[in-house]
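Peer 1: Show me the folded form of this:
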Amino acid sequence: MIDSYAKLDDTKVAIAAAQAGADVVRELYGRRLDRIDKGAGDFATTADVEAEEAILGIIRAARPDDAVLGEEGGQQGADGAVRQWLVDPLCGTLNYAVGNMLVAVNVALRDGAAAVADPFSGEVFASDGRTARVRHRDGSETPLEPSSATRLVDVNLDPPFPGAPGFRAVDLLAHPVFAERFRPRVVSTTLALAWVAAGKRAAYVTDGGDLSGSVHFAAGIALCRAAGCVVTGIDGAPLGEAGRGLVAAADAETHELLMSLIGSRG
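Peer 2: Numbers count the residues shown, from 1 in each chain. As a prediction, the model looks like this:
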């Protein structure tokens, strides 16, 4: 089994790892799970921890020399490793803990392949860094094609709010032009980023710092970029040390309009 994983390319490793995590998340859904307090109202569950272990098992078997940054386990692997995997085993823990199926399993190789698995739809969104596609429950695959046709914009309203008072998500939602052109959604999981790449959302907006290396966002950002979305910080800067937060839009027109609203105080 170890040899079979070692023969996979990076994209297939990401897919296999995300699917392994999704299997755990799906299996444990609906059970009474222990909670691990992280402070400030945040917590993990047994499902988070076991899903991450399942993901790490695949990565260790396939790429034993790579480092891993996990949401639950932190930095693991050799210091100074050239390659690093970013793992969020259960994005949407609070949703999951209260019986809501809106969650994602995120696996990304920094500056490389990425996969986002939806444990309950069976979809796995994946990118090799150049192209993006979705693997359906029946095993068929289709390219990801962003579209703003839904007019649905997902906005992250979870604290903290480092951009305040210059940027407040609630101000964006209350802007009359936003209300005229878009319909807000708050799913509280970065699965919404995969939906932007797939044309199920017109855009996704969140406050924050440099999210380019975030275990929560890296896989979704990779999908959006490979699918051809417009991706910047909320300040319009490229993601990285100069950028902050995230605006991922299906097309340039949607991105331009959202940036104008973010920059407007009226």
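
Peer 1: gap between the nearest residue to residue 135 once chain neighbours are set aside and residue 244?
Peer 2: Using C-beta to C-beta, 6 or more residues apart in numbering and skipping the chain neighbours, the partner closest in space to residue 135 is residue 124 (4.5 Å). Every residue, glycine included, has its C-beta placed from N, CA and C. Between residue 124 and residue 244 the computed distance is 30 Å (C-beta to C-beta, to the nearest Å).

Peer 1: neighbour count winner among those two?
Peer 2: residue 124 (25 against 20; other C-beta atoms under 10 Å).

Peer 1: give me the beta-bridge partners of the more buried one?
Peer 2: As for beta bridges, residue 124 partners with residue 117, residue 135 under DSSP bridges.

Peer 1: mind listing what it touches?
Peer 2: Applying C-beta atoms under 8 Å, 6 or more residues apart in numbering, one finds that residue 124 lies in contact with 15, 18, 19, 22, 115, 116, 117, 118, 134, 135.

Peer 1: is it possible to export those to TSV including neighbour count, distance to residue 33 and pLDDT?
Peer 2: Below are these laid out as TSV (neighbours: other C-beta atoms under 10 Å; distance: C-beta to C-beta, whole Å; pLDDT from 0 to 100):
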residue	neighbour count	distance to residue 33	pLDDT
15	23	26	98
18	31	20	98
19	20	21	98
22	28	16	98
115	30	24	98
116	32	22	98
117	33	19	98
118	24	20	98
134	22	29	98
135	18	28	96
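
Peer 1: give me the number of residues near residue 158?
Peer 2: Residue 158 is flanked by 14 other residues according to other C-beta under 10 Å.

Peer 1: One more: residue 73?
Peer 2: By the criterion of other C-beta under 10 Å, residue 73 has 15 neighbours.

Peer 1: Please apply the same query to residue 224.
Peer 2: Number of residues near residue 224 (other C-beta under 10 Å) recorded here: 30.

Peer 1: Same check on residue 130?
Peer 2: Taking other C-beta under 10 Å as the criterion, the count of residues near residue 130 is 9.

Peer 1: helix, strand or coil for it?
Peer 2: Under the three-state scheme (DSSP: H, G, I helix; E, B strand; the rest coil), residue 130 adopts coil.

Peer 1: Also residue 150?
Peer 2: With three-state DSSP as the criterion, residue 150 reads coil.

Peer 1: Dump stretch 164-182 to PDB, keeping only the CA atoms.
Peer 2: Output in PDB follows, covering the C-alpha atoms of stretch 164-182 (Å, rounded to 0.1, in the frame of the first residue of the first chain):
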ATOM      1  CA  ALA A 164     -11.900  46.900  11.200                       C
ATOM      2  CA  PRO A 165     -12.700  49.700  11.000                       C
ATOM      3  CA  GLY A 166     -11.400  50.000   7.500                       C
ATOM      4  CA  PHE A 167     -13.200  46.900   6.400                       C
ATOM      5  CA  ARG A 168     -16.300  45.400   8.000                       C
ATOM      6  CA  ALA A 169     -18.100  42.600   6.200                       C
ATOM      7  CA  VAL A 170     -21.400  43.700   7.600                       C
ATOM      8  CA  ASP A 171     -20.900  47.100   6.000                       C
ATOM      9  CA  LEU A 172     -20.400  45.300   2.600                       C
ATOM     10  CA  LEU A 173     -23.600  43.400   3.100                       C
ATOM     11  CA  ALA A 174     -25.500  46.500   3.900                       C
ATOM     12  CA  HIS A 175     -24.300  48.500   0.900                       C
ATOM     13  CA  PRO A 176     -27.300  49.200  -1.400                       C
ATOM     14  CA  VAL A 177     -25.400  48.300  -4.500                       C
ATOM     15  CA  PHE A 178     -24.400  44.900  -3.000                       C
ATOM     16  CA  ALA A 179     -28.100  44.300  -2.100                       C
ATOM     17  CA  GLU A 180     -29.100  45.200  -5.700                       C
ATOM     18  CA  ARG A 181     -26.500  43.100  -7.500                       C
ATOM     19  CA  PHE A 182     -25.800  40.100  -5.200                       C
END
